[in-house]
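# Just a sequence and a predicted model for now, questions to come.
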Number of protein chains: 2
Amino acid sequence: MGMVVQKYGGSSLADAAGVKRVAQRIVATKRAGHDVVVVVSAMGDTTDELRDLAEQVTPLPPPRELDMLLTAGERISMALVAMAIAQLGPRARSFTGSQAGVITDSVHGRAKIIDISPGRIEQAVAEGDIAIVAGFQGVSQDTKDVTTLGRGASDTTAVALAAALGAEVCEIYSDVDGVFTADPRIVPAARKLDRISTEEMLEMAASGAKILHVRCVEYARRHDMPVHVRSSFSQKEGTWIIPESSGGAVEQAIIAGVAHDRSEAKVTVVGVPDKVGEAARIFEALAAAEINIDMVVQNVSAAATSRTDISFTLPRTDGQTAMSALARIQEVVGYDQLLYDDQIGKVSLIGAGMRSHPGITAKFFAALAGGGVNISMISTSEIRISVVVDEAQVDDAVRATHTAFDLDSDEVEAVVYGGTGR
Amino acid sequence: MGMVVQKYGGSSLADAAGVKRVAQRIVATKRAGHDVVVVVSAMGDTTDELRDLAEQVTPLPPPRELDMLLTAGERISMALVAMAIAQLGPRARSFTGSQAGVITDSVHGRAKIIDISPGRIEQAVAEGDIAIVAGFQGVSQDTKDVTTLGRGASDTTAVALAAALGAEVCEIYSDVDGVFTADPRIVPAARKLDRISTEEMLEMAASGAKILHVRCVEYARRHDMPVHVRSSFSQKEGTWIIPESSGGAVEQAIIAGVAHDRSEAKVTVVGVPDKVGEAARIFEALAAAEINIDMVVQNVSAAATSRTDISFTLPRTDGQTAMSALARIQEVVGYDQLLYDDQIGKVSLIGAGMRSHPGITAKFFAALAGGGVNISMISTSEIRISVVVDEAQVDDAVRATHTAFDLDSDEVEAVVYGGTGR
């Protein structure tokens, strides 16, 4: 049997009892004949507690030192997991990101993995040991400083390590049972998906489904790594995220699910002169301020004025920066007015079947209309349709869409659809 | 001006306010023109809390993993200290023991420093930065695993680093004002020493004075490193520990101080056949059990029986192991009986002046007799006389000795004479 990489999030490692429960699951996998490499997050709220401690010292901690501080969290959990395993019999050794060969760039707080050189992990596994690796962290190629990969990045560590080690599967354990057709807190009849293609999962994650981070899914897609998202609190199968190379989710439904996102805001630049290059100026200014734009809509120019409105969505957390950047170029661009609306939500319908099934868009919009939901922006990809609606109408939009596409299950599961730690 | 290495213990870094106070002192030293390298312990009770966490997971944590766990403590404090410094202006960079080049053997939990290769520290200092180094930890030469140096070893890290960097002085900060002529909790009139020779300090530490660990003082003596023990809670000068090469404590008094130790027990092997090699068998058995023996006394053999009694002292924590080891060799050695007494204490008088002033021993014993204290064992070095007494008489013995040698101060300082963190 091949190698399994397992990742356990902070909710699975909330306390000593959680650590021991996780250790039993790891040992069972080992005893079933697999080589096992485990990636862990910090226990429970440790990372937030460390952030609080930093805030008590300074309002603006130097990023290098904040990374040094936060990486203490995984150090604690990985050592405890290794101890708990050893108590059950098998040998286990813990490794920091640096020791595991997770090489990153030098952007503290959101470093990107450049390379994985897992020599020490391979050696430990070859010697029959279980390797426990700190997620979320690495070491910078240039300065040999400790780096962190950003929120949710332990999942990315796990998938990247699984790819570098040639693992059979990367199992991501959290406190939810898998990927659902919609957030069960909004749609109690949402169904757990048995399988979903990496491509669809990528659109789900990018559209607000919090179960996996976009970067992690991108990594899995690029390296053709099957990912199994499941709960550490039960023995049930979770959701398999299947790379396209393995036929994707072969027997898949036309529609995988409905995702929503309440984290964005909408900016409208009113009265932009309809001349070549004006839109470019606007988006150059936003890029210079390092703002990630999501959806963009440009109205058809009013013939009388030769002026147009440009609307775009962006993370609410970037709202102030974006508005300031745009205010500074008002004279140069010559627009009339800036509008800002953070009472919006995005609802997305995702499914690889859209490619071959016409009429999905019409059915989606009809469902929204039937639910009394107004659409204010639209964007599409090959396998996704997203609309921006009033924040207050997000739940209605999700429910109406879920029902219209026959996604409702007969059984209703009581599951909290939350984050996966990091 | 030269380089200063400062070490701050856990009591100085109890919380965010402590971290900021320490940072101000570090920055003041930097602004006075010194290059500054700082060694930190874990904050407050962090190390004990991490040990508790390990105990919740397993009664017998693998030493490698326990070291990995405990080193999280210094990681947290060093990052916070670096942040607090940066907030005040100067640049600061934190380094783990491994990054600082603290190379050790592979004995987890009590590793010994083999070498220091402080290339990264030197580079940081050359670039004008303040380097913050994790005390208590290193990396093993053979396996590249994270190691810890044992309780109190941050002081050793500081002195070793100071020696490797060619620092002018190593300042050890804690919550006490310096080295006292006796424990002020027992002798309220104890005086703070302005200076003491490394040699005397070594005897003080080995005799139970808890202000510095023996290993740290040994390191300072071997490398001729002046050490300044002082409080992080005041600006007062503390006690300078002066190497013999610099003339020791030139104007020193005949007697440096009175130390005591309640951590030992006494074992008596009754009726040992008075033959060549019997004592050797006993101490070989103890050595094989890794027991550190302190004082040893062999009675004059009773002519009638050709049998003798051998008594020795050892750490109470080793009592059970020692008794078991000796019980196993009773038949081979042919002794009559084993006695164990842990209601003892050791009182030591220390002073380099003993070498040239006869009569110190007589005066010491007279003082004890005057205080009504019975002596049960005696041992001496060139600059120390130690006696074992009833545990209940330790305080009386210390007070009587302190007074007899005119060590009492006129002022009484309210100081707690405690540990220095680690």
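Perfect, I can see it now.
# From here on, just use CA atoms for contacts and neighbour counts.
Noted.
# Name the nearest residue to A:K192, ignoring sequence neighbours.
Spatial nearest neighbour of A:K192, excluding adjacent residues (Cα to Cα, 6 or more residues apart in numbering or on different chains): A:F180 at 4.3 Å.
# same check, this time on A:L53
Nearest to A:L53 is B:A16, by Cα to Cα, 6+ apart, at 7.0 Å.
# For chain A, which residues are neighbours of chain B?
Within chain A, the positions adjacent to chain B are A:16-17, A:19-20, A:53-54, A:56-58, A:60-62, A:65-66, A:68-70, A:72-73, A:75-76, A:79-80, A:82-84, A:86-87, A:93-94 by Cα under 8 Å from any Cα of the partner chain.
# so A:A367 makes contact with A:R399?
No. Distance between A:A367 and A:R399: 9.3 Å, which falls outside the contact criterion (Cα atoms under 8 Å).
# Is A:L314 in a helix, a strand, or coil?
strand (DSSP: H, G, I helix; E, B strand; the rest coil).
# Roughly how far does it sit from chain B?
31 Å (Cα to the nearest Cα, to the nearest Å).
# check contacts around that residue.
A:L314 is in contact with A:264-267, A:291-295, counting by Cα atoms under 8 Å, 6 or more residues apart in numbering or on different chains.
# redo that, cut-off 10 Å
Taking Cα atoms under 10 Å, 6 or more residues apart in numbering or on different chains, we find A:L314 in contact with A:263-267, A:291-296, A:322, A:342.
# Redo those as CSV? Include distance to B:D48, secondary structure and neighbour count.
Formatted as CSV, the contacts of A:L314 follow (distance: Cα to Cα, whole Å; DSSP: H, G, I helix; E, B strand; the rest coil; neighbours: other Cα atoms under 10 Å in any protein chain shown):
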residue, distance to B:D48, secondary structure, neighbour count
A:S263, 41, coil, 17
A:E264, 44, strand, 24
A:A265, 47, strand, 23
A:K266, 50, strand, 24
A:V267, 52, strand, 19
A:I291, 45, coil, 19
A:N292, 45, coil, 13
A:I293, 48, coil, 17
A:D294, 48, coil, 15
A:M295, 52, coil, 18
A:V296, 55, strand, 16
A:A322, 47, helix, 22
A:D342, 47, coil, 18
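# possible to save these as a markdown table with pLDDT?
Formatted as a markdown table, the contacts of A:L314 follow (pLDDT from 0 to 100):
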| residue | pLDDT |
| --- | --- |
| A:S263 | 94 |
| A:E264 | 95 |
| A:A265 | 96 |
| A:K266 | 96 |
| A:V267 | 96 |
| A:I291 | 90 |
| A:N292 | 88 |
| A:I293 | 91 |
| A:D294 | 91 |
| A:M295 | 92 |
| A:V296 | 91 |
| A:A322 | 95 |
| A:D342 | 94 |
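# Out of the residues you listed, flag the one nearest to B:K30.
Distance to B:K30, by Cα to Cα, is smallest for A:I291 among those, at 39.2 Å.
# so how far is A:G73 from the residue of the stretch 201-350 of chain A found nearest chain B?
Nearest residue of the stretch 201-350 of chain A to chain B (Cα to the nearest Cα) works out as A:S232 at 18.0 Å. Computed with Cα to Cα, to the nearest Å, the distance linking A:S232 and A:G73 is 20 Å.
# Tell me, how many residues neighbour the residue of the stretch 201-350 of chain A closest to chain B?
23 (other Cα atoms under 10 Å in any protein chain shown).
# which residue packs closest to it, ignoring adjacent ones?
A:S232 sits nearest to A:Y173 (Cα to Cα, 6+ apart), 5.3 Å away.
# returning to that earlier point: give me the phi and psi for the residue nearest to A:K192.
Dihedral pair for A:F180: phi -110, psi 160, per degrees, to the nearest 10.
# need the contact list for it.
Here A:F180 is in contact with A:187, A:189-194, A:209, A:211, A:238-239, A:256-259, A:415, A:417 (Cα under 10 Å, 6+ apart).
# which of the residues you listed are buried?
Taking 16 or more other Cα atoms under 10 Å in any protein chain shown as the criterion, what is buried in the contacts of A:F180 is A:187, A:189-194, A:209, A:211, A:238-239, A:256-259, A:417.
# A:D194 versus the closest residue to A:G166 other than its chain neighbours, what's the distance?
What sits nearest to A:G166 in space, not counting adjacent residues and going by Cα to Cα, 6+ apart, is A:M3, at 7.6 Å. Applying Cα to Cα, the value for A:M3 to A:D194 is 22 Å.
# One more: A:G89?
Counting by Cα to Cα - A:G89 and A:D194 are separated by 34 Å.
# from what I can see A:V27 touches A:V37, true?
No. Between A:V27 and A:V37 there is no contact under Cα atoms under 10 Å: 11.0 Å.
# If you count surrounding residues, which of these two has more?
Between A:V27 and A:V37, A:V37 has the larger neighbour count (other Cα under 10 Å), namely 30 against 22.
# Pairing partners for the host helix or strand of that one, with directions?
Assigning secondary structure by DSSP states H and E places A:V37 in strand A:35-40. Strand A:35-40 pairs in its sheet with strand A:3-8 (parallel), strand A:130-134 (parallel), by DSSP bridges.
# any idea which of the ones you listed is most buried?
Between these, strand A:130-134 has the highest mean count of neighbours, a mean of 29, where neighbours are mean count of other Cα atoms under 10 Å in any protein chain shown.
# which element follows that one toward the C-terminus?
With DSSP H and E setting the assignment, the helix or strand that follows strand A:130-134 is strand A:137-140.
# So which residues make contact with that following strand?
A:41, A:67-68, A:70-71, A:74, A:96-114, A:116, A:144-150, A:153-154, A:157.
# Would you map the strands across the stretch 301-422 of chain A?
A:307-315, A:337-341, A:344-350, A:377-381, A:384-390 (DSSP state E, counting those that start in this stretch).
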